[in-house]
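In: the following block contains a protein sequence and its predicted model.
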Amino acid sequence: GAVVSQHPSWVICKSGTSVKIECRSLDFQATTMFWYRQFPKQSLMLMATSNEGSKATYEQGVEKDKFLINHASLTLSTLTVTSAHPEDSSFYICSAPPDRGRGYTFGSGTRLTVV
Amino acid sequence: AQTVTQSQPEMSVQEAETVTLSCTYDTSENNYYLFWYKQPPSRQMILVIRQEAYKQQNATENRFSVNFQKAAKSFSLKISDSQLGDTAMYFCAFMKSPLSGAGSYQLTFGKGTKLSVIP
């Protein structure tokens, strides 16, 4: 079945550095990718929507300059957390929306810890 | 905007018993989809069941079934013959019809219910 490969699965970085999270669609093309953030024991909150070939759409309250999203090709979307701080520590999940009979396809998530 | 409410933060059930997780939602849309997702400790999101709002018949997937009450905007999940592997967070989610235009395909999640199956 369709798979979204998300890497890394976990990362620890120092405060002030940047971290890139990649989501690759395998065996299908994704013109759109949703990026979610999940705090411990909480729900998934939509951060932004990336679109291949155009600018990402950010949800209210999400800092565009901190969370850089790029959808470079039909199979790759990236989220870069710039100048990370401890409050950015969270679980980040990407998801490709349904298309042509394929349902939502979630990545396996990235646990980011900023120390 | 849509809202999804799961009023049970935590539940437990004995193995082989039946449990029902509740979910209510609020929307002005007439065409939409509802989902139940399972998130085990691995954190991978797994689709449990989905319901199209235009279908009156309740969806069923093996041991999982829903009670969809459109007028009441209620969408509960029943798990029969609970198994240890059912232990997970369960999220109810709402999606507008793809024909609705702006915001289509975006999922709105409830806060989740942590289900523990007790041996």
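Out: Received, thanks. For clarity, every value in this text was computed on a predicted model and none was experimentally measured.

In: tell me the contacts of the closest residue to B:N30 other than its chain neighbours?
Out: Leaving aside its sequence neighbours, B:N30 sits nearest to B:A53 (Cβ to Cβ, 6 or more residues apart in numbering or on different chains; 7.3 Å). The way it works is simple: take the backbone N, C-alpha and C, and place the C-beta from them, glycine included. The neighbours of B:A53, taking Cβ atoms under 8 Å, 6 or more residues apart in numbering or on different chains as the test, are B:30-34, B:68, B:70, B:97.

In: residues in a beta bridge with the closest residue to B:P41 other than its chain neighbours, which ones?
Out: Once flanking residues are discounted, B:P41 sits nearest to B:A88: 7.5 Å by Cβ to Cβ, 6+ apart. B:A88 has the following beta-bridge partners by DSSP bridges: B:L115.

In: B:A88: how many residues sit nearby?
Out: Neighbourhood size, B:A88 [other Cβ atoms under 10 Å in any protein chain shown]: 22.

In: how about B:L84?
Out: For B:L84, using other Cβ under 10 Å, the count is 10.

In: can you give me the strands for chain A?
Out: Secondary structure of chain A by DSSP state E: the strands cover A:3-7, A:10-13, A:19-26, A:32-38, A:44-51, A:54-58, A:67-73, A:76-81, A:90-96, A:105-106, A:110-114.

In: just send those strands back as TSV, with mean neighbour count, distance to B:V48 and mean pLDDT too.
Out: TSV is the format used below for the strands of chain A (neighbours: other Cβ atoms under 10 Å in any protein chain shown; distance: least, Cβ to Cβ, whole Å; pLDDT from 0 to 100):
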stretch	mean neighbour count	distance to B:V48	mean pLDDT
strand A:3-7	17	18	95
strand A:10-13	14	26	97
strand A:19-26	20	23	96
strand A:32-38	23	18	96
strand A:44-51	20	15	94
strand A:54-58	15	28	93
strand A:67-73	17	29	93
strand A:76-81	22	26	97
strand A:90-96	24	16	96
strand A:105-106	24	13	94
strand A:110-114	19	23	97
